[in-house]
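K.L.:
got a predicted model here, sequence first, then my questions.
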Amino acid sequence: MTDVIAHPHRNHWQERVDLAAAFRWTARLNLHEAVANHFSLAINGTGTTFLINPNQMHFSRIKASDLLVVDANDPQSMARPEAPDPTAWGLHGGIHRHCPHARCAMHVHSPYATALACLADSSLPPVDQNSCMFFNRYVIDHDYGGLAFEEEGARCARLFSDPQKKVMIMGNHGLLVIGDTVADTFNRLFYFERACQVYILALQTGQALRVISDVVAEKTAQELAAYPEQDARHLAELKAILDAEGSDYAA
């Protein structure tokens, strides 16, 4: 306890470690956009106080102790020396202020999800098992309004009114994924990008798609949602690999 008081950056340590691991793997998979994307994780009961990455620090270098603590209801958060990126404050502050069910939020400009977001029809049809996971479980933002400062962040947050829908295809922008934990959210982000990759590659063949029926797609989505501990085990394995490599993510 004394160590935590003396070193406030060690508060919520396990959450910090999990989030740092997610940053490292996102960079390894090339799902990030230089130093421009952000992940956040709520650490209080109402969800308004959250961890977030430092301003314009590359995902591949982020350590658990680097993560900032921000209060979405405190406008002075942007006046302090360790202020987050203004678009991180706008988007993630809006999410944690208006969506208490969004404990974790991950925003990336991953290649295939962003390609989908650039299409006139940005829907993801159930063409494989991974895409079935998201059947009727995403929203599409059709009204891109520029960089995600506070007004844009609040507008995006309102699109998550249905708690079942935890993926936002941000038209002309990228991807925003929410969840209950780091493991839950990163797992969702990983599989959505994979589903988009398969779909975009299938479109490139120019051949007709074999679309799964709504009934089977919904059944598969429910089966995947109930699959025991898949998200937690996924993140645990990624951390085990980082640990074996001697990574400093947990420092």
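P.N.:
Good, I have the coordinates. Residues are numbered from 1 along each chain as shown.
K.L.:
residue 120 in helix, strand or coil?
P.N.:
Classification of residue 120 by DSSP: H, G, I helix; E, B strand; the rest coil places it in coil.
K.L.:
mind saving the C-alpha coords of the helix or strand hosting residue 95 as CSV?
P.N.:
In the assignment (DSSP states H and E), residue 95 maps to helix 86-98. Taking Å, rounded to 0.1, in the frame of the first residue of the first chain, the C-alpha atoms of helix 86-98 are listed here in CSV:
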residue,chain,number,x,y,z
PRO,A,86,-7.1,16.9,-27.5
THR,A,87,-8.9,14.3,-29.8
ALA,A,88,-8.4,11.6,-27.1
TRP,A,89,-10.0,13.9,-24.6
GLY,A,90,-12.8,14.7,-27.1
LEU,A,91,-13.6,11.1,-28.1
HIS,A,92,-12.8,9.1,-25.0
GLY,A,93,-14.0,11.8,-22.6
GLY,A,94,-17.3,11.8,-24.5
ILE,A,95,-17.6,8.0,-24.4
HIS,A,96,-16.8,7.8,-20.7
ARG,A,97,-19.1,10.7,-19.9
HIS,A,98,-22.1,9.5,-21.8
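K.L.:
quick one: the strands in this structure, in order.
P.N.:
Ranges of strands in the chain, per DSSP state E, are 38-42, 49-52, 68-71, 104-108, 138-141, 167-170, 174-179.
K.L.:
out of these, flag the one nearest residue 218.
P.N.:
Nearest to residue 218 among the strands of the chain is strand 138-141; the distance by C-beta to C-beta comes to 13.8 Å. For glycine as for every other residue, the C-beta is placed from the backbone atoms N, C-alpha and C.
K.L.:
check the gap between the closest residue to residue 94 other than its chain neighbours and residue 179 for me.
P.N.:
With C-beta to C-beta, 6 or more residues apart in numbering as the criterion, residue 94 has its nearest non-adjacent residue at 3.1 Å, and that residue is residue 153. Applying C-beta to C-beta, to the nearest Å, the value for residue 153 to residue 179 is 18 Å.
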